[in-house]
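**Q** heads up, no residue letters with this:
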């Protein structure tokens, strides 16, 4: 069986104030933004695409590395079989679906696809 590669595709951060964070990264680094509702903004022209999610909780580990795979069901099974734990099951969002998992050290990552 040929295994599909799962590259790092997107990085997600938490933010206390989306307008403030857009102003900072836009002025400091020239990033451009696309808003998706009141709670999320995506960024581009940064070397890798990503986004900021509005959070009112304390931000402890504010970065979420997002991998891409063509089949969420397939890669979810492989993650579990390899010792990972699903921390948030598959859910839909504008543009696709994704889930979150914890690696054996407790690092949280996500995997998404266009399905």
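**A** The structure has been received and is ready for your questions. All of these numbers come straight from a predicted model, not from anything done at the bench.

**Q** list the buried residues for the host helix or strand of residue 25?
**A** Assessed by DSSP states H and E, residue 25 sits inside helix 18-29. Within helix 18-29, the residues scored as buried using 16 or more other Cβ atoms under 10 Å are 18, 21, 22, 25. In this view, the C-beta of every residue, glycine as well, is placed from N, C-alpha and C.

**Q** any idea of the pLDDT on the last one?
**A** So that's residue 25. Looking at residue 25, its pLDDT is 93.

**Q** how far does whichever strand or helix holds residue 64 sit from the chain's center?
**A** Taking DSSP H and E as the criterion, the element that holds residue 64 is strand 63-68. Centroid separation for strand 63-68 versus its chain: 4 Å, with Cα atoms, centre = their mean, to the nearest Å.

**Q** quick one: the helices in the chain, in order.
**A** 18-29, 72-81 (DSSP state H).

**Q** what's near enough to touch the most centrally placed residue in the chain?
**A** Centroid-nearest residue in the chain, with Cα atoms, centre = their mean: residue 66, separated by 3.9 Å. The contact partners of residue 66, by Cβ atoms under 8 Å, 6 or more residues apart in numbering, come to 8, 9, 10, 11, 12, 50, 98, 109, 110, 111, 112.

**Q** closest one to residue 56 out of the residues you listed, please.
**A** Nearest to residue 56 out of these is residue 12 (Cβ to Cβ; 16.4 Å).

**Q** the closest one - how many residues pack around it?
**A** Using other Cβ atoms under 10 Å, residue 12 has 18 other residues around it.

**Q** roughly how far does the closest residue to it other than its chain neighbours sit from residue 103?
**A** Distances taken as Cβ to Cβ, 6 or more residues apart in numbering place residue 64 nearest to residue 12, at 4.0 Å, with adjacent residues excluded. Per Cβ to Cβ, to the nearest Å, residue 64 is found 13 Å from residue 103.
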